[in-house]
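Asks: pasted the sequence and its predicted model underneath.
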Amino acid sequence: MNEFPVLEPGDGNIVLFHPHVPAGAAEAVQQVLESRWVGQGPRVAEFERRFAALVAPDHDALAVGSGTDALHLAYLLAGLAPGDEVIAPVFTCTATNIPFLYMGVKPVFADVQPRTLNMDPAHVRTLITPRTKAIVCVHYGGLPCDLDELHATAREHGLLFIEDAAHALGAAYKGRAVGGLSDFTMFSFQAIKLMTTGDGGMLMVRNPGLVEKAKRLRWFGIDRSAKQLGVWENDITEVGYKYQMTDLAAALGLAAMDEYASTLAKRQSLLEAYVRGFAGVPGIELIGAGHTDRTHAAWLCTVLVEDRVGLMRKLREHRIESGQVHYRNDRYSIFGGRQQGFANMDVLEDRYLVLPLHGKMDLGDVERVCSVVKSGW
Ligand SMILES: Cc1ncc(COP(=O)(O)O)c(C=O)c1O
C-alpha cells in the first residue's frame, strides 16, 4: 500500500517536483508545427550549437531523445564491449547502469561519500582490475563529484571518463562549467530537470574524431546527411539505433535556453534558503552544502535524518511531498542483487530524504518546509 499518494499542485500543497515550462514554449512549438521539420531538423542543430556555447564551446553537442540515450551512445562511443568492466555509482538513477546490461558490460559499483552521496574516489581506486575500461560518475543532486581525484585515477590507468550530469546542468567545478571536463558528459532534459524538452538529452563529446560516428549511431548507423542528398549508395557498417531528438523537443529546449540563467538562479536561491533554514539544527544534515570550490546546480535538496518515514508522514500531514527519488542499484535483481562492501551506503540508505525544490516554489515555501521539519516528528 502506498502511504503517500501523489499530491496535486495548488491548494497550499507543496509538491516534490514541478516541470518548468518557459514563457516562449508554446509559440516555439507552434512555429515548428507550421514548418517542414517536426522530427530532427534545423532546430536540433541550433539547440546543439547554443547548448555547446553555454557549457563547453570546445566540445561537440549531440541532441538525443533522452539522457539514457546519451549515456548508451557514450558507452558505445567509448568502445565498451562484452566482458569489460566500468566503475559506476551504486547510488544513482538506474539509467546510469542499465545500458551496460544491453552491452554485456559489467557495472562495478562504487560506494558513496557520506557528505555528498557522490561516488567515493578512494573506493573507486580499489575497484580497478585489468578489465576496467571506464569510470562513470554522477553529480548527485547537482553537486559536482571530486573530479580531480577521479580524473587522476582514470588517467593513471588509461580509462575513459564519462560524467552523468543529468542533475548538474549549471554546475561548475573549480570555476569550469560541467559539460567540458571529461571525455563524455551527458545531460538530461526529462520533464522535471532544470531545462526540459519533455524528454531529451545532450551528449557532450570531447574527441572531434568521434562526432561523425556519434551522428551515424544516433540514426541506425546511417550517414544521414549523405542520404539526404538523394542518391545514396552507402553501406551500413555500424549497428546504430534511433537516439535522435526531434525539432518539437528542440524548440522547447531553445525556449528553455532563453530562461536558463533565471531558472538556475531561482533554484540556487531556494537551495540556499534550505541551507540557511537548517544551519545548526541538530538531527538534520543537508547533503552537499558548504563547498567553495564547486557550484551546486541545485537540482535536489537532500537531507539526512533519523526515522525518515516518520518525517515523510509529518510533512505529508502538512501537505508537503518528499521522497527518496533514487535507490541503491544493488537492490535490483537485474544487477545481481544486494552486494557487500558499501560501508557508507549501508549507513545512509535509510536516512536520506529529498525535499521539494522547483521553480513553482518561493522562499516562503522553503521556510514552511523548514519550519515543519524543525518542529520535529
Ligand atoms: C542520474 C541520472 N542519470 C540518468 C538519468 C536518465 O535521464 P533521462 O530520464 O533523460 O533518460 C536520470 C534521470 O532522469 C538521472 O537522474
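Replies: Thanks, I have the structure now. Keep in mind that this is a model prediction, so the values were computed, not measured.

Asks: which residues of this structure lie near the ligand?
Replies: 66-68, 92-93, 95-96, 138, 164, 166-167, 188, 190, 199, 201 (C-beta under 6 Å from any ligand atom). To be clear about C-beta, it is placed using only N, CA and C from the backbone, and glycine gets the same treatment.

Asks: burial measure for residue 242, as a count.
Replies: 11 (other C-beta atoms under 10 Å).

Asks: residue contacts, the residue in the stretch 251-377 of the chain that the ligand sits nearest to?
Replies: Residue of the stretch 251-377 of the chain nearest the ligand, by C-beta to the nearest ligand atom: residue 326 (6.7 Å). Contacts for residue 326 (C-beta atoms under 8 Å, 6 or more residues apart in numbering) come out as 91-93, 140.

Asks: let me see the backbone angles for it.
Replies: phi -110, psi 160 (degrees, to the nearest 10).

Asks: verify the stated contact: residue 99 with residue 70.
Replies: No. Residue 99 is beyond contact range of residue 70, at 9.8 Å (criterion: C-beta atoms under 8 Å).

Asks: neighbour count for these two, which is higher?
Replies: More neighbours surround residue 70 than the other of residue 99 and residue 70, with 34 against 23 (other C-beta under 10 Å).

Asks: output the contacting helices and strands for whichever helix or strand residue 252 is part of.
Replies: Per DSSP states H and E: residue 252 is located in helix 247-258. Packing contacts for helix 247-258, counted by 3 or more C-beta pairs under 8 Å, 6 or more residues apart in numbering; DSSP states H and E, involve helix 25-33, helix 42-55, strand 60-64.

Asks: with just CA atoms, put that helix into PDB.
Replies: Extracted in PDB, the C-alpha atoms of helix 247-258 (Å, rounded to 0.1, in the frame of the first residue of the first chain):
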ATOM      1  CA  ASP A 247      12.600  19.600 -33.700                       C
ATOM      2  CA  LEU A 248       9.500  19.700 -31.500                       C
ATOM      3  CA  ALA A 249      11.600  18.900 -28.500                       C
ATOM      4  CA  ALA A 250      14.500  21.200 -29.500                       C
ATOM      5  CA  ALA A 251      12.000  24.100 -29.800                       C
ATOM      6  CA  LEU A 252      11.200  23.600 -26.100                       C
ATOM      7  CA  GLY A 253      15.000  23.400 -25.400                       C
ATOM      8  CA  LEU A 254      15.600  26.600 -27.200                       C
ATOM      9  CA  ALA A 255      12.800  28.300 -25.300                       C
ATOM     10  CA  ALA A 256      14.300  27.000 -22.100                       C
ATOM     11  CA  MET A 257      17.800  28.400 -23.000                       C
ATOM     12  CA  ASP A 258      16.300  31.800 -23.100                       C
END
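
Asks: what is the neighbour count of the residue lying closest to residue 341 once chain neighbours are set aside?
Replies: Closest residue to residue 341 apart from its sequence neighbours, by C-beta to C-beta, 6 or more residues apart in numbering: residue 111 at 7.2 Å. By the other C-beta under 10 Å criterion, the neighbourhood of residue 111 contains 23 residues.

Asks: swap in residue 9?
Replies: Neighbours of residue 9 (other C-beta under 10 Å): 11.

Asks: if I pick the nearest residue to it once chain neighbours are set aside, what's in contact with it?
Replies: In this structure, residue 9 finds its nearest non-sequential neighbour in residue 15, 5.1 Å apart by C-beta to C-beta, 6+ apart. By C-beta under 8 Å, 6+ apart, the residues touching residue 15 are 6-9, 321, 356, 358, 360.

Asks: ok, residue 373 next?
Replies: Contacts for residue 373 (C-beta under 8 Å, 6+ apart) come out as 278, 281, 284, 303, 305, 311, 314-315, 355.

Asks: repeat for residue 220
Replies: So residue 220 contacts 236, 240-242 (C-beta under 8 Å, 6+ apart).

Asks: now these in JSON lines, with secondary structure?
Replies: Below are those laid out as JSON lines (DSSP: H, G, I helix; E, B strand; the rest coil):
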{"residue": "236", "secondary structure": "coil"}
{"residue": "240", "secondary structure": "coil"}
{"residue": "241", "secondary structure": "coil"}
{"residue": "242", "secondary structure": "strand"}
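
Asks: ok, and the most crowded of the residues you listed?
Replies: Most surrounded of these: other C-beta under 10 Å gives residue 240, at 18 neighbours.

Asks: for that one, give its distance to the ligand.
Replies: Between residue 240 and the ligand the computed distance is 18 Å (C-beta to the nearest ligand atom, to the nearest Å).

Asks: I figured that residue was touching residue 213, is that so?
Replies: No. With contact defined as C-beta under 8 Å, residue 240 does not reach residue 213; the gap is 9.2 Å.

Asks: show me where the stretch 51-200 of the chain has its helices.
Replies: 67-77, 98-103, 121-126, 147-156 (DSSP state H, counting those that start in this stretch).

Asks: save those as TSV, and put in mean pLDDT and distance to residue 341 too.
Replies: Shown next, in TSV, are the helices of the stretch 51-200 of the chain (pLDDT from 0 to 100; distance: least, C-beta to C-beta, whole Å):
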stretch	mean pLDDT	distance to residue 341
helix 67-77	98	24
helix 98-103	98	19
helix 121-126	98	8
helix 147-156	98	18
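
Asks: most packed of those helices?
Replies: Comparing these by mean neighbour count (mean count of other C-beta atoms under 10 Å), helix 67-77 comes out on top with a mean of 25.

Asks: which residue sits farthest out from the middle of the chain?
Replies: What lies farthest from the middle of the chain is residue 231; by C-alpha atoms, centre = their mean that is 40.2 Å.
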